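> take a look and give me a structure for this.
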Amino acid sequence: LYPANSGDMMMITGTVSAELNTYSGSCYDYLQIYDGVGTSGTQLVNSCGTDQTISAISTTGPLTIYFYSDGSNVESGFALLAQCTSCYPPTNVTTSNPTLDGATVSWSGTGDSYVLFLNGDMTTGYESDDTTYTFTGLNASTIYSVQVASICNGDTSMLSAAATFATACDAITIAEEDPW
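Numbering: from 1, shown residues only. Okay, here's the model as predicted:
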């Protein structure tokens, strides 16, 4: 797949069904996606026999989709959406400064603005051109996952790789009574 405009990238999202054929650990049907032209590029997706949501974005422009089936079964295998985009997902997503009720997230990106997703849900009301955000009002002693999407000329990128953080533990008060 080639992007329509020079400098754009190809972005693939979709699902791979459990109906892809596997038997005793062997993979008889599979889907692979490579960065660039042909199968000599970096393999971005290698999917066989499991329900998966997949996403891949090219770094060079084109993507190669390779689907193999041995033909022994006829089942639904995958559904993919291919899009051309010039909107790159943010990179280098990191977390720091965990507190009882939050943490700071920072990232690198070229978007006009950004949207944050906490545990898979879009963080209500957060769209900004800043590349740092401090979450507050979260639960103590909890593990969170955060991803960021770029917004470029009204288009939204794929989500970044996830970064995780754990809010700090709340203080525990132990009352000691004289047992004697």
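> from M11, how far out is C87?
C87 sits 9 Å away from M11, going by C-beta to C-beta, to the nearest Å. From N, CA and C alone the C-beta is placed, and that goes for glycine too.
> need the residues touching each of these two.
S157 (C-beta atoms under 8 Å, 6 or more residues apart in numbering).
> quick one: strands adjacent to the longest strand anywhere in the chain?
For the chain, the strand that runs over the most residues, judged by DSSP state E, is strand 143-152. Here strand 143-152 is paired, per DSSP bridges, with strand 113-118 (antiparallel), strand 155-156 (antiparallel), strand 163-166 (antiparallel).
> let's have these in JSON lines, adding distance to Y144 and mean neighbour count.
JSON lines is the format used below for those (distance: least, C-beta to C-beta, whole Å; neighbours: other C-beta atoms under 10 Å):
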{"stretch": "strand 113-118", "distance to Y144": "6", "mean neighbour count": "19"}
{"stretch": "strand 155-156", "distance to Y144": "22", "mean neighbour count": "16"}
{"stretch": "strand 163-166", "distance to Y144": "6", "mean neighbour count": "16"}
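> those strands: which one's closest to A4?
Of all those, strand 155-156 sits nearest to A4, with 13.6 Å by C-beta to C-beta.
> which residues touch that closest one?
T85, S86, C87, V115, A149, S150.
> same thing but at 6 Å, please
C87, A149 (C-beta atoms under 6 Å, 6 or more residues apart in numbering).
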